[in-house]
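Trainee: requesting a structural model of the entry that follows:
(one chain, ligands or ions: 1)
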Amino acid sequence: MSDLRELYQQVILDHSKKPQNRGFLEAGTHTAEGFNPLCGDKVKLYLKMKGDTVEEASFEGSGCAISTASVSMLTEIARGKTKSELIALFDKFHSLVTEGQLGEEGPDLDKLEVFQGVSEFPMRVKCATLAWHTLKAAFENKNEAVSTE
Ligand code: ZN
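Mentor: Prediction:
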C-alpha cells in the first residue's frame with residue numbers, strides 16, 4: 001500500500017485548493033447534480049453544449065480533496081470534447097481508479113493519471129468518479145440528483 005501522501009499528489013492538492021471553473025454557468029444548456037453519500041461529496045455540473053460538443057463547463061458544490069480535484073479537472077478536460085469522447089474517457093478513467101491500470105488502448109488520460117493511486121483506496125473511488133457520473137447525467141439533462149450509491 002502506498003501512503004496517503006502518494007494518493008494526494010501535488011496536482012490533486014493544487015486543484016482541490018484552487019478549483020478551476022467554479023461557479024454558476026450563465027450560458028449553460030445542460031446540468032445535473034451528483035451526491036456521494038459515502039463521503040458527503042456534492043457537485044452540481046453545468047455544461048454549455050453546442051450539438052454534441054462541450055463548449056464550456058463549470059461546477060458548484062463541496063466535497064473532499066479527491067472529488068473537488070476530479071470535478072475541477074473534468075471541467076478543464078471537457079471543454080472542446082464531444083459527448084462520445086468524454087464517455088470513452090470516463091470508461092478508461094473508471095478502469096484506472098478501480099484497477100489502477102493505465103491501459104494502452106483508448107483515449108489519452110493525460111493528467112487524469114494522477115488519480116491512479118485512488119485504486120488502492122476503494123472508499124475513494126466514488127469520490128473520484130462522482131464528477132463523471134454527474135457528467136453522464138448532465139448529457140441527459142436529468143433533473144433528479146444522481147447518487148453513487
Ligand atoms: Zn470524497
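
Trainee: list the buried residues in the one helix or strand E60 maps to.
Mentor: According to DSSP states H and E, E60 maps onto strand 53-62. Across strand 53-62, burial judged by 16 or more other Cβ atoms under 10 Å covers V54, E56, A57, S58, F59, E60, G61. Every residue, glycine included, has its C-beta placed from N, CA and C.

Trainee: run through the bridge partners of the fourth one.
Mentor: Going back to what we said before, that points to S58. With DSSP bridges as the criterion, S58 is bridged to Y46.

Trainee: so what pLDDT did the residue nearest to the spatial centre of the chain get?
Mentor: Note on the chain: the residue nearest the mean C-alpha position is A131, at 3.4 Å, using Cα atoms, centre = their mean. On the pLDDT scale, A131 is placed at 98.

Trainee: just to revisit the earlier point, next structured bit after the strand holding E60?
Mentor: Next along from strand 53-62, by DSSP H and E: helix 65-78.

Trainee: okay, helices next: where are they in this protein?
Mentor: 4-7, 10-17, 65-78, 83-99, 122-139 (DSSP state H).

Trainee: to the ion, which of those lies closest?
Mentor: helix 122-139 (3.1 Å; Cβ to the ion).

Trainee: angle of the closest one against strand 53-62?
Mentor: 130 degrees (axes from the mean of the first three to the mean of the last three Cα atoms, to 10 degrees).
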